[in-house]
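Visitor: Just the structure for this:
(2 chains)
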Amino acid sequence: MSHVLTPSTSESASRGVAQARGLFDREILRQAFFGAFKKMDPRVQVRNPVMFVVLVGSVITLLEAIAHPSTFTWSITVWLILTVLFANFAEAMAEGRGKAQADTLRKMRSETAARRLSPDGREELVPAASLSKGDTVVCEAGDVIPSDGEIIEGIASVDESAITGESAPVIRESGGDRSAVTGGTKVLSDRVVVRITAERGHTFIDRMISLVEGANRQKTPNEIALTILLAVLTIVFIPVVVTLQPFAGFAGATVSVVVLVSLLVCLIPTTIGALLSAIGIAGMDRLVQRNVLAMSGRAVEAAGDVQTLLLDKTGTITLGNRMAANFFPVGGHSEQEVADVAQLASLADETPEGRSIVVLAKENFGIRERQLDESHVFVPFTATTRMSGLDMGTRQIRKGASESVKRWVAEQGGSVPADLDDIVERVSRAGSTPLTVTDGAVVLGVIELKDVVKQGIKVKFEEMRKMGIRTVMITGDNPLTAAAIAQEAGVDDFLAEATPEAKMALIKQEQEGGKLVAMTGDGTNDAPALAQADVGVAMNTGTTAAKEAGNMVDLDSNPTKLIDIVEIGKQLLITRGSLTTFSIANDIAKYFAIIPALFAIKYHQLGALNIMHLHSPESAVLSAVIFNALVIIALIPLALRGVKFRAANSAAILRRNVWIYGVGGVLVPFVFIKLIDLVLVALHAY
Amino acid sequence: MSFFFTLVALVVALGLTWRYLGSYMAAVFDGRVRFLKFIERPVYRLLGTSPQQEQTWKRYASAVVVFSAVSILFTYVILRVQGHLPLNPQHLGGVGSALSFNTAASFVTNTNWQNYGGETTMSYFSQIGALSVQQFVTPAVGIAVAMVVVRGFARKNSATVGNFWVDITRCLFYILLPIAFVFGAIFVSEGAVQTLAGTATIHDVLNEVTQTLARGPIAFMEAIKQLGTNGGGFLNANSATTFENPTGLTNFLSIYLLLAIPFALTYTFGKMVGSVRHGVALLSVMVLLFGVWVGFTSYGEHQNNPAVAAAGIHSSVGNTEGKEVRFGDTSSALFGVSSTMTSTGSADAAYDSFTPTGGLGLLTGMMLGEVTPGGDGSGLYTLLIFAIIAVFIGGLMIGRTPEYLGKKIQAREVKLAGLGALVMPIIVLLFTALAVSVAAGRAGPLNAGPHGFSEILYALTSQGNNNGSAFAGLTGNTPFYNVVGAIDMLLGRFAIMIPVLALGGALAAKNVVPESLGTFRTDNGMFVGLTIGVILIIGGLTFFPAISLGPIVEMLSHGRFF
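Guide: You can find the predicted model right below:
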C-alpha cells in the first residue's frame, strides 16, 4: 500500500499494464524511426502549424538547392528536413511507448469460450466474442472471465494481476461494492454467475487499449491555448522575415531565400512545436506507468489545477483498521487487570481490532494468549447489544460501547465507577474509540482503539499545502473523532458524519467558489459525487457505476495515489510552459548569429553584432539551423520524462523554472552555436 | 543638475497624480462621482441611454465603431468645406481629399499624425470644431475601452461590460474637460497664445522685412494635446515654438500632462480590481521600461553629434542640432521619450536630428507597442494584452491553468490577446515593406540609405502605433502616404481595440478562481520581469531585423556600439 508514498515510482511501476521499458527501448526506437518518416505526410503535418511552416520552408530550400546547388543550400535543406523528422520522431517515440503497452493488453484479451446460461438455466458453450450486454455466464475456478460484468450470484477469489499487476487474489461477490469483474481476469476459486455489462469492443480492456495507444487523443484545453500562442508566435515572424527582402532591396542588398527560410525556422518556436504532442502523450503514459487510467487528457490537466482534495479517511489517511493503543483502568483497578480481561474478551474476536487488543496485552504486559476450550463460549458483536465477549462458565466478560456496557452492568446489578465517563470522554476527544471492559458487574477500564494514520501522509499534506491545495478528510466518524484524526494527519479540514449527499454538497460548494475538486471513491453511492468532481478517481475494486462515473480508474485501488495524480497533472503543464519559455528565449542568440550574416556584404558594420565571432556568414546560419534541429533531439528525454517536479509554492517553482529555462534558454544557444560553428570549421566545411 | 531636479519634480508630481487621479478615475467609472448629474442626465436623454442600460461587449464594440466612423466622417466633411465655414480669418480653402482622409483618420485614432502645417492649412473652425473635438473624445474612447478590460477582471459571471456612452460622457465631463481647462488657463497665464484674431503682421524695421506671425486659439488646445496623448499641435513646429510652449514651466507641465493619465490608470486598475498591488505591478513594468528608455535616449543626446565630432568640433552641451536652446539636450530627450512612449507624438525638438542612439530610443519606444505607459487607455489595455501572455507562459511553468486576478487564461483569451499583440508588428512591417518597394513610397524620404529607411520605418511605426510623432525628413502629404498612413492608423487603433473589447467580455463572463499558495502571483517582481520580457521579446524580436537596417547600421557606422 505504502509504495506510492515513496518518492518516485518509475522503478516500482514495473507491473501489470505498465511494462517497464527504458526510455530508449530498442524496439520503440526502431518503430519511432520509421514512424518519423510516415509522419512526413503533409496532411499529418498541417495539424501542427509550427512544424508545417518548417516543412514548407524545407520544400522552398529544396527547390532552391536544386536550382542553385551548393554545399550551403543543400546543408540547410537537409537540416531543415531533419528538423521535421526529429519532431516526428519525438511524437512517434511517445506513441511507441503507448503502443507497446497496448500490445501487452491485446495479448491478454482472451478469445476463450464462455459458458452462457440460457433463460431455461441450461449452460451452452459460446465464443466470448458473441456475448452481448445482459447475457449471464458461469465462471468456475480456472475460467477466464469472458467480458466485463457484475456478479449476480456467488463469491469467488479472482486473479486480477493481468490488469493491475497485483498478484494477490481479490474477493469478488454478488451484491454490494465488490461485485464488478473485468474481462480477462481469472477466477481462482469457487463459482460465480456473472451478468455481462459491456458490449464487445467496449470493455474495460478495449478502452484501456485505445487510451494507451492515444487512438482518439484530443487536445486538452491548455494544449489548445498553447497551440494558439505558438501559432501567434509563428505568424508574427512570417512578416518579419518576408519583409526583409524588400528592406534589403531598399538598401541595395539582396538576401538569399535560403537564409531567409533559415531565419524564419530559427525564430518560430520549433522546439516546443516539435515536442508539444510528445509531452501530452508522455503525460498520459506516466499515469499509466502508475497504474492509473485517465479517460481523457482533460482530466489529467484538471488534476494539475485541483485546489481541493477530498480524501476518504479509511484507507487513504488511516490504515483502515483501528488498533488498540492503551488500557485505562477505572475504579481503582490496575492497568494489568484491564489488559488481562481485555485480552480474554478478545481471544475469540477475529476482527483486526480484536487481534490488536490481544497483541497489545501481550506486548505491553506479557500476558500470553490463552487457549480456548469448550467451557468458553464466544459472544459475538451484534447491532443490538453493541458488545462482544466471552462466557467462561458463570463468568461473563464483555467489551463494547460505553453506554451499552453501562446498561448491561446496571442490569447485572453492578455500579459504574465514577471516573469511567471522564475517561471515555477523554479517549473520544483524542479521536480514538473507547471500548469499556467489564468482568461481570465489575467495570475494569477502557481500551483505547486508535485510528493509525499512515506513515508519511502528514508530509504529503504539508507538500499539498505548499502547492496551495486544500485537503479535506471525509469520514463517517463523529466530529470529535474526526477533528482529532484530522489534526494528527495534518489535513486542512474534515467532513464528519459524511453522507453521500453531504459529500456532493461539499463538492458543489467548492466548485461554486471557482475551485476544482478531486476525490476518490469506489461505492455505487459515490458515483454522483465522482461524476460531479472535476477529477474523480474510481478504485478498480469498486463498482461498475463508480468506474463509469469517474474520469480516472486506479488499477491498484490505492486512494493515496490521488496525490501523485495531481503531481503528474502539474508536471505536464510545467513541462510545456518551460519548453515554451526555452524555445522563445533561444531566439535571441539565433538573431545574433543570423542578422550580421544576413547583411554582411552590404553593411559590414553589422559584424559588430557577431558577438560569437562565428567563422563566416554561411557557417553562422548553418550553425543556428543545426542547433535548432539538434535541440529537439536533445530535449526528447525531458519531454517524455517531464520536467522535474518538486512540491513547493508557486513562486519557488516559477523562480526555478525561469532561471533554468528562461535564462538558460538565452545562454545555452550562444554556447552551442559557437561550438557547432567550431566543428564546422574543423571539418573544413567552410 | 537642473535636469535632475526636473526629474525629481516630475516623479513627485506624477506620484501624487497616480494616487489621487487614479482613485478619482476609479470612482468616476464606478459611477460614484455624480456632482455633474445635471449635465449627465440631459446628455443620456439625448443619446437615449442611461447608466442602468449595460451593454454586452459586442454592443459596446459596435458603439465604439459607430461613434468613430461618424467622427471620421464629421471631421472629413469639416476639413473639406472649411472654406465655407466661419472662423476662417485667413480665408483658407477646403483641404484636399487624401489629406482630409488622412487627417480625419489620424485624429479619430488619437494618432495626430500631421501631413500638413496647421497654421497654413487649417481654419480656426477646423482646429476647434474638428481637430480639438477629437482630441477630447478619442482619449475618452481609449479610456472607456480600457475600462471594459478592467471590468472584465473586476466582475464575475457578468454578461455586460458597462455602457460606452455613459463611460465617454463621464470621462469627458469629470476628467478631461476640467483638467484641460485648468491647465489651458495656466498655459494662457504663462503666455501661450489664445486668440481668434487672424495672423499678425510685423514690420521689422531693422532688417527691412515683413513677417507674418501665425496665431490662434492655441493655449487651450495645448492642454488637451498633451493630456489626451494626442500630440497634434496648432502650429507645425509643435511644442518647440514659444506660442505653444512659452516657458520652462509649460515645458515641464507638458511632460507631466503626457504622463499623468496613462500612469494613473494603473492605480485605477488596481483600485477597481480590488488590489492596488496589481496596479503597482503594472506601473512598475511601465516605469522600469520608461526609465531605461529615458536614460538611453538622454545619454544618446548628451553625446556629441557623431558627424560633428568627426569634424573635430567638441561641444559640452550634447547634440544641439534641431534642439530648442531653451530646453537643451537631455530635457528634449525626456520630452521626446515621454511623447513617443505615450503614443502622443508632440515634440519640442526635431527628432530627425537626434543622434542615431537617441533616434533609436524614440523609434523603439514606439515599437514596444505603446505600453510604457502608452496612450490614454490604450496604454493600459495593450499592456494587459502582454500581461495576459506573460501570465499564460508563467502560469504553465508552475503547473496550473494560468489565471490572472482569478480569471483563467484559456484558449479564447490567448487567441484574443495574441491577435491584439500581432496586429501592430504585422501592419508596421508590411506597410514599411510596401513603402520601400513602390516608387511612390521610395520618393518620400529626404535621405538615402539607412537614414532614409529609418524615416520611412519611423513614419509607419508612428502611425501604426497611433503615436503621430514625425521623424521629419519624410514628405508625407502625398496620395500614397496619406492613404497608406490612414489605413495603418485605423488598423493600429481598431484592429487592436476590438479583440481587446472581446477579451474584456470573455473575462467578465468568467467565474473567479480563489487565490491560493499555488496561484501564479501577478503582483510581484517575477510577474513584472516576465511581462517586461514578453514586451521586449515581441517588440524586440519582431523589429530587430528592421532596426538593424536603419538606426543600428547608422549607429555602428560611426564606429560606436552602445
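
Visitor: Tell me which stretches of the stretch 351-500 of chain A form strands.
Guide: Assigned by DSSP state E, counting those that start in this stretch, the strands in the stretch 351-500 of chain A fall at A:376-379, A:387-392, A:395-400, A:433-439, A:442-453, A:470-474, A:493-495.

Visitor: Select, out of those, the one closest to residue A:292.
Guide: strand A:470-474 (19.0 Å; Cβ to Cβ). C-beta coordinates here come from the backbone N, C-alpha and C atoms, glycine included.

Visitor: what is the rounded mean pLDDT of the closest one?
Guide: Mean pLDDT, strand A:470-474: 91.

Visitor: Using PDB, write down the CA coordinates of that strand.
Guide: Backbone C-alpha positions of strand A:470-474 (Å, rounded to 0.1, in the frame of the first residue of the first chain) are rendered in PDB as follows:
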ATOM      1  CA  ARG A 470      -6.600  22.200   0.500                       C
ATOM      2  CA  THR A 471      -7.100  18.700   1.800                       C
ATOM      3  CA  VAL A 472     -10.400  17.700   3.200                       C
ATOM      4  CA  MET A 473     -10.900  14.400   5.100                       C
ATOM      5  CA  ILE A 474     -14.200  12.600   4.600                       C
END
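
Visitor: so residue A:220 makes contact with residue A:300?
Guide: Yes. Contact status for residue A:220 versus residue A:300: in contact at 7.3 Å, counting by Cβ atoms under 8 Å.

Visitor: Residue B:63: how many residues sit nearby?
Guide: For residue B:63, the neighbour count with other Cβ atoms under 10 Å in any protein chain shown is 21.

Visitor: Grab the nearest non-local neighbour of it.
Guide: Closest residue to residue B:63 apart from its sequence neighbours, by Cβ to Cβ, 6 or more residues apart in numbering or on different chains: residue B:164 at 3.9 Å.

Visitor: measure the one you found to chain A for me?
Guide: Shown here: residue B:164 relative to chain A, a distance of 28 Å by Cβ to the nearest Cβ, to the nearest Å.

Visitor: Show the pLDDT at that residue.
Guide: What the model reports for residue B:164 is a pLDDT of 97.

Visitor: looking at it, it is touching residue B:67, isn't it?
Guide: Yes. Counting by Cβ under 8 Å, residue B:67 is a contact partner of residue B:164 at 7.3 Å.

Visitor: Could you list the buried residues of the worst-scoring helix or strand of chain B on mean pLDDT?
Guide: The helix or strand of chain B with the poorest confidence is helix B:306-310; it has a mean of 76 (mean pLDDT, DSSP states H and E). For helix B:306-310, the neighbour count (16 or more other Cβ atoms under 10 Å in any protein chain shown) marks residue B:306 as buried.

Visitor: remind me which residues of the stretch 201-350 of chain A are low pLDDT?
Guide: Under the criterion pLDDT under 70, the flagged ranges of the stretch 201-350 of chain A are A:214-216, A:320.

Visitor: Run through the residues of it sitting next to chain B.
Guide: Residues of the stretch 201-350 of chain A lying near chain B by Cβ under 8 Å from any Cβ of the partner chain: A:221-222, A:224-226, A:228-229, A:231-232, A:235-237, A:239-244, A:246-251, A:263, A:267, A:301, A:304-305, A:307.
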